[in-house]
Every structure is written in structure tokens, then in C-alpha cells.
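Visitor: Based on what follows, work out the 3D shape:
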Amino acid sequence: MEHNTFLSSDQQTTSHFICWKPKQKAIGTIQIIHGMAEYIERYHDFALFLNNLGFIVVGHDHLGHGASVSEIEPKHGYFGKDDPVTFILEDIDQIKEWIETSYPDLPHFMLGHSMGSFALRNYLQLYKAAIQGAIFMGTGQKASMLPLALSLTKGLNKTAPEKQNKWLDRMAFGNFSKQFPEASSFNWLSKNQENVKRYEEDPLTGFTFTNNGFYTLFRLVDGANRSGWANNIEQELPILVISGEQDPVGDFGKGPRRIAKELNEAGIKDVSLALFTDLRHEILLEEEKLEVYKAITNWLQKRLQFKGKD
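Guide: Reported below is the predicted structural model:
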């Protein structure tokens with residue numbers, strides 16, 4: 001894999017991205033948009049699996065995540081002043097343009113997980129992306145508390161944007177862990193407790209978001225689920241909605257089903273829904289991950305429109 005950097009759209013952060021390249025001739029590219037409080041290198045095993053099938057995989061660390069954090073004044077879970085949602089979407093677009101410039105003759109796919117899925121759903125409404133398919137993984141619908149959370153964090157983002165908010169973290173995610181028997185507060189991520197342990201021990205995962213981070217997250221969720229959101233997506237775009245059915249982010253399957261239904265009702269011509277009965281939020285890191293890998297790659301291969309030049 002190759003590590004690279006680019007100037008974030010906030011015009012001050014040197015952001016990090018990775019490109020995984022196959023040894024054989026490439027048949028397509030996949031851009032991965034990671035989730036909240038994690039980083040792109042966690043997708044290494046999945047990227048290698050895709051490499052073995054001929055896919056080039058590229059993904060970046062969001063602002064406030066991974067290696068896209070200032071070394072001078074670290075702010076994990078902070079996206080920036082002014083309009084952080086725009087920063088996130090423009091950074092996604094910068095990576096997409098880098099891929100298209102680097103590999104102009106290959107079909108391009110985009111995959112967003114969790115917060116990344118909400119970002120991708122916003123992105124596809126605002127950018128007419130010339131891609132062969134999009135994957136929403138670990139996504140969900142709007143919670144009833146979202147309007148209140150938006151109002152609260154809008155004020156906190158003005159008065160104390162860089163302050164970590166542990167109370168809000170408990171309010172947003174505290175009930176998730178109560179649904180499962182294991183002791184960890186991150187048990188909802190995976191029934192694979194080795195994955196949960198690694199997540200707890202990694203200093204780059206599981207950190208508490210700042211007020212700015214929560215406000216940005218809630219805006220992404222709101223934008224992804226606004227009334228008529230699916231009507232703004234290109235009808236010819238193939239879309240896969242994939243999640244664990246034990247994922248509380250997706251309200252235990254209700255969210256992904258609702259999203260697929262809304263996409264179908266909006267006239268999207270190729271919508272697929274895949275739910276894994278026993279899996280939780282991080283389906284790429286469960287013990288059954290190969291089943292998930294194969295479901296995704298089967299979907300990708302069926303939608304390849306161009307297999308590269310000789």
C-alpha cells in the first residue's frame with residue numbers, strides 16, 4: 001500500500017490517504033469512506049481481498065481522524081470551523097478526482113461505512129458523480145432525538161467547539177451497548193470480541209467527539225435523511241445497502257430496509273439490500289467477514305461496465 005497526502009479543503013490540514021494496488025491488471029477502483037472515530041488503515045484486510053480480485057482501493061482519513069490530525073495541536077473528533085460538512089464532502093471529492101485522474105479508464109465505485117455512509121449519501125445528492133455504483137454500509141435513518149441534538153450542538157459548536165462531550169456521547173450511543181451481553185461499552189460494534197478489544201486498545205479509535213464533531217455528525221445524518229433525499233440521486237446509479245441485522249445504528253435492520261425502500265420509491269433502478277442476520281455494526285471485522293467480502297465483491301463484479309485496457 002502507498003501512503004499519500006493532500007491539502008484538505010479546510011486549507012490548513014495535511015490530510016492522509018492510502019492507495020492499495022493489485023499485482024495484476026486492475027479492473028476497477030473503489031473509494032472507501034470510513035466511519036466515526038476510526039481511520040482508513042482499519043480496512044487493510046478488506047482492501048487486500050479486493051486487490052486480489054483486481055480492484056484498486058483508495059481511502060482517506062477524515063479531518064480529526066487517523067493521520068489527518070495536526071501534530072501541533074491534535075484535535076481528534078474535530079472537523080474545523082466555518083462549514084465542516086462542506087470540508088468532509090469536498091475532501092471526498094478530492095480523493096474521487098485523484099482516482100479518476102490517476103485511473104481514467106477504469107470504472108469507479110464508492111463505499112461509505114457508518115458516518116461515512118451518511119457522508120456518501122449527502123455527497124451523491126450534491127455531486128453528480130460519474131461512478132458505476134455506491135455502497136451504503138452500516139447506515140441508518142433519522143432518530144427522533146435528532147432535531148433536539150442538532151439544536152443543542154449548534155449552540156455548543158459556537159461556544160465550545162473543541163471540547164469533548166462525554167455526556168452527549170453517552171446520550172447518543174449509551175443505549176447501544178445495553179442491547180448485548182458483553183461488558184464492553186463498544187460491544188455493539190461486533191460480536192467478534194477480539195475486534196472490540198483491538199478497538200478499545202487502539203488510541204486512534206473510540207475517542208470521544210468534540211461538540212464540533214457531534215454537530216457535524218448530526219448534520220450529516222440529517223442531510224442523508226432529509227425529506228426526498230433519494231430523489232436527488234441519479235436514477236441510473238446502482239446502489240447496495242448492506243448491514244448487520246443486529247446493528248443498532250440501523251435500528252436492527254429497520255433503517256437499511258427503510259433506506260432501500262426510499263431509494264426504490266425514488267425510482268433508482270438498481271437497488272440491492274443485504275442484511276446479515278447475526279452480525280452487528282462492523283461487518284467487515286466480524287469472524288464471518290469473508291461472507292460479507294464475497295457479497296460485496298459479487299455485487300461489484302456484476303456491475304462492472306469496463307474491464308480495463310490491455
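Visitor: tell me the SS of T297?
Guide: helix (DSSP: H, G, I helix; E, B strand; the rest coil).
Visitor: To clarify, my last question referred to G66.
Guide: Under three-state DSSP, G66 comes out as coil.
Visitor: residues in contact with it?
Guide: H16, E38, Y39, I40, E41, L204 (C-beta atoms under 8 Å, 6 or more residues apart in numbering). C-beta coordinates here come from the backbone N, C-alpha and C atoms, glycine included.
Visitor: Against I18, how distant is the fifth one?
Guide: When C-beta to C-beta, to the nearest Å is the yardstick, E41 and I18 sit 6 Å from each other.
Visitor: In this structure, which helix is the longest?
Guide: Assignment by DSSP state H gives helix 84-102 as the longest helix of the chain.
Visitor: what about the helix or strand that it is followed by, distance to the chain center?
Guide: Counting by DSSP states H and E, the next helix or strand C-terminal to helix 84-102 is strand 108-113. Centroid displacement of strand 108-113 relative to its chain, using C-alpha atoms, centre = their mean, to the nearest Å, is 8 Å.
Visitor: Ok, stretch 54-71 next?
Guide: That offset, for stretch 54-71, works out to 12 Å (C-alpha atoms, centre = their mean).
Visitor: Pull the contacting residues for the closest residue to K96 other than its chain neighbours.
Guide: Sequence neighbours aside, Q31 is the residue nearest to K96 in space, at 6.0 Å (criterion: C-beta to C-beta, 6 or more residues apart in numbering). Contact analysis of Q31 by C-beta under 8 Å, 6+ apart lists V58, G59, I92, I95, K96, I99, H108, F109, M110, L111.
Visitor: Using TSV, lay out these together with pLDDT and neighbour count.
Guide: Below are these laid out as TSV (pLDDT from 0 to 100; neighbours: other C-beta atoms under 10 Å):
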residue	pLDDT	neighbour count
V58	98	26
G59	98	27
I92	98	25
I95	98	21
K96	97	21
I99	97	22
H108	96	21
F109	98	25
M110	98	26
L111	98	27
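Visitor: So which of these is the closest to E234?
Guide: M110 (12.4 Å; C-beta to C-beta).
Visitor: I figured that closest one was touching L120, is that so?
Guide: Yes - with contact defined as C-beta atoms under 8 Å, M110 reaches L120; the gap is 5.9 Å.
Visitor: follow-up on the earlier one: then the residue nearest to K96 would be within a strand, right?
Guide: Yes - under three-state DSSP, Q31 falls within a strand.
Visitor: Thanks a lot, see you next time.
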